[in-house]
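> A predicted structure for the sequence below; I have some questions about it.
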Amino acid sequence: MAFSPALGCLTVSPINCGSGVTTTYVMRLKVLASRPKFKALCNQHALQAKCQPGDTSRELWEITVQAKLGVSTVEQLNSLITGCAALASEEMALRPADDAAPAPEANGTAAPAAPAAEALPNGTEHKGSKQEQRRSKAAATAAAAAMPNLEGKTSILAKAIQADANLYTRYGQLATARRGFTLAQLMTPALEHEDAARRTLGIAAADGECYTTFPDVFGTVIQDWFGKSHCHEGRQSLERVCNAETAAADITICLARNLKGVPYAPFMTPSQRNEVERAVAMAVMKFGQELKGKYYSLRGSASYTPMPKGMSEEVEKRLGDARLLFSEPDSAMLAAAGAVPDTAQDWPNGRGVFATEDDKVAIWINRHDHVCVVVRETAQPKAAYSRALEVLTLLEEQLYAQGHHFDYHPRLGYLTSACSLVGTLMRGSVTLPLKNLGADEGSLKKLTEDMLLQARQVGDSWELGTVPELGTSEVDQVNALIEGVARATAIDAAMGEGKSFEEASS
């Protein structure tokens, strides 16, 4: 093999020097190929498209990666996979509903088309896994299904439908356009995990399209939970964040996001979860020296090819000690938040952690949301929030280059499966000793509730955390945390001097 250390594999044409690898996907693009955006999408993903010889219909296209010096074989293959996925997604969006031989709905309109066949190397196609086929078939027939049994159910949505059955009647025949999710499907897992001792939602969004397909249903639940049906306050200037320092032992800022067009955790198939892992893992590899680190799939995961058995015991202990590791979701905790505790299916495959070398920044993949940026600091809440924004911006840029966008609603903010959490998808917490105030747990919890915070005991200390609140910005929530910590610290000191809670807080 002719090889040059500077040019790579050599060939007769100098413009083809480099990896020496050519991989071709053959895709059936019935609609997209005739649109101007076809060429633009190919250029965006550094692809070349050529109509397959002999295909008079001009539907079969050979897709290859543009030759580029300095790009490895792995990078070329990843670029091809990402680009073809984007082409397939656009083709699916453009194909008419009657292309999938849909079954008629009760109202006379067609049920959503099943997803288009996915492209595979060498021109072969498949129609998805058996699980995905069953889901598509169920979606087409379940649109006309009867209302789920709500007898004895106490969730917010169950009570709303019991009071006004028309709420289900209006939307029970509908299904989301892209994946065919029906209202019955969104309600069933939530109803199965309902807990009469806790306030639960009674519904879980399968993807962002659910919020626009069933607006009154989610609007009713959100109104009951937040006291308002929509009022998202966008991100405000970082300059508005207080500069105060704290005596905190630990400060954590978490910013979660989900990818548009991808089902949320409780409704993901294993292949969809693995694709999110692959996309995010590829994105973090592009980070420069300012965020030097490594992606580790969870121990026991077999979904990430470069790490087929997941992280080592040593890495697991290191990340655990740094509190940058997440464990299997707690069903009771999820139910308490109104969420569906199905995010642990196929555990631990498709999940992992990107961690920086200093163990101060992490990106969690496929925990409750597709991604979650985690930053740990001491003394400076503003610095932790600022760092989290920087990391999230870098991640967003790299995912955008692959054709991904974060799921966002102009009136609800960033979206997730549990509509009780929509808005900023931010969680901030500070751990404090609070020896005196913490001894009066009732007063501490009353103080934090008044300041829109939560208090949770962690060993001998207390963790004060932000509360999801529609209509507040990230900056508002960070400032509420800073002010709450300052007030709790002052009251704790005063109580240490012998004052009562009432005297210390007046």
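The structure has been received and is ready for your questions.

> in the stretch 201-350 of the chain, where is pLDDT below threshold?
Where the stretch 201-350 of the chain drops to pLDDT under 70, the residues are 231-237, 244-249, 330-344.

> could you pull out the strands for it?
250-257, 293-297 (DSSP state E, counting those that start in this stretch).

> could you dump these into a markdown table with distance to R351 and mean neighbour count added?
Yep, even glycine has a C-beta here, placed from its N, CA and C like the rest. Formatted as a markdown table, the strands of the stretch 201-350 of the chain follow (distance: least, CB to CB, whole Å; neighbours: other CB atoms under 10 Å):
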| stretch | distance to R351 | mean neighbour count |
| --- | --- | --- |
| strand 250-257 | 14 | 23 |
| strand 293-297 | 7 | 21 |
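
> for Q48, which of those strands is the nearest?
The closest of the strands of the stretch 201-350 of the chain to Q48 is strand 293-297. By CB to CB, the value is 29.5 Å.

> what packs against that closest one?
Applying 3 or more CB pairs under 8 Å, 6 or more residues apart in numbering; DSSP states H and E, we find strand 293-297 packed against helix 270-285, strand 352-356.

> most packed of these?
Compared across those, strand 352-356 shows the largest average neighbour count, a mean of 24 (mean count of other CB atoms under 10 Å).

> and that strand, what does it pack onto?
helix 270-285, strand 293-297, strand 361-365.

> report how many residues lie close to S505.
By other CB atoms under 10 Å, the residues close to S505 number 18.

> should've said L399
Neighbours of L399 (other CB under 10 Å): 23.

> give the contact list for it.
L259, A279, V280, A283, H405, F406 (CB atoms under 8 Å, 6 or more residues apart in numbering).

> correct me, but the third one touches W364?
Read it as V280. No. Between V280 and W364 there is no contact under CB atoms under 8 Å: 9.6 Å.

> any residues in contact with both of those two?
V371.

> helix or strand with the lowest mean pLDDT in this structure?
strand 118-119 (a mean of 36; mean pLDDT, DSSP states H and E).

> about what we covered before: adding distance to G310 as columns, could you present the helices and strands packed on strand 352-356 in CSV?
Formatted as CSV, those follow (distance: least, CB to CB, whole Å):
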stretch, distance to G310
helix 270-285, 12
strand 293-297, 5
strand 361-365, 12
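
> so which of those gets nearest A197?
strand 361-365 (29.1 Å).

> and that closest one, what's its mean pLDDT?
For strand 361-365, the mean pLDDT works out to 97.

> what lines up beside it in the sheet?
Taking DSSP bridges as the criterion, strand 361-365 sits next to strand 352-356 (antiparallel), strand 371-377 (antiparallel) in its sheet.

> restrict the first one to CA atoms and write it as CSV.
In CSV, the C-alpha atoms belonging to strand 352-356 read as follows (Å, rounded to 0.1, in the frame of the first residue of the first chain):
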residue,chain,number,x,y,z
GLY,A,352,-23.0,7.8,29.4
VAL,A,353,-21.1,10.7,30.8
PHE,A,354,-18.7,13.2,29.1
ALA,A,355,-16.4,14.5,31.9
THR,A,356,-13.6,17.1,31.7
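
> what does that strand rub up against?
277, 280-281, 284, 291-298, 301, 304, 310-311, 319, 322, 324-326, 361-366.

> pipe the strands paired with strand 361-365 into JSON lines and attach mean pLDDT and distance to N149 per row.
Below are those laid out as JSON lines (pLDDT from 0 to 100; distance: least, CB to CB, whole Å):
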{"stretch": "strand 352-356", "mean pLDDT": "97", "distance to N149": "39"}
{"stretch": "strand 371-377", "mean pLDDT": "95", "distance to N149": "35"}
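
> to F181, which of these lies closest?
Comparing the strands paired with strand 361-365 by CB to CB, strand 371-377 comes nearest, at 21.8 Å.

> I'd like the helices and strands packed on strand 293-297 laid out as JSON lines, including distance to G459.
Formatted as JSON lines, the helices and strands packed on strand 293-297 follow (distance: least, CB to CB, whole Å):
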{"stretch": "helix 270-285", "distance to G459": "32"}
{"stretch": "strand 352-356", "distance to G459": "23"}
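
> among these, which is nearest H193?
Nearest to H193, of the helices and strands packed on strand 293-297 and by CB to CB, is helix 270-285 at 19.9 Å.

> so which elements touch that closest one?
helix 73-94, strand 293-297, strand 352-356, strand 361-365, helix 381-401.

> report the angle between it and strand 293-297.
170 degrees (axes from the mean of the first three to the mean of the last three CA atoms, to 10 degrees).

> hmm, who's touching helix 270-285?
Residues outside helix 270-285 that contact it (CB under 8 Å, 6+ apart): 78, 81-82, 85, 129, 132, 259, 262-263, 265, 268, 293, 295, 297, 303-304, 346, 349-352, 354, 363, 365-366, 370-371, 395, 398-399, 401-402, 404.

> may I see the PyMOL selection of the buried members of the residues you listed?
Selection command for PyMOL covering only the buried members of those, criterion 16 or more other CB atoms under 10 Å:
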select buried, resi 78+81+82+85+132+259+262+263+265+268+293+295+297+303+304+349+350+351+352+354+363+365+366+370+371+395+398+399+402+404
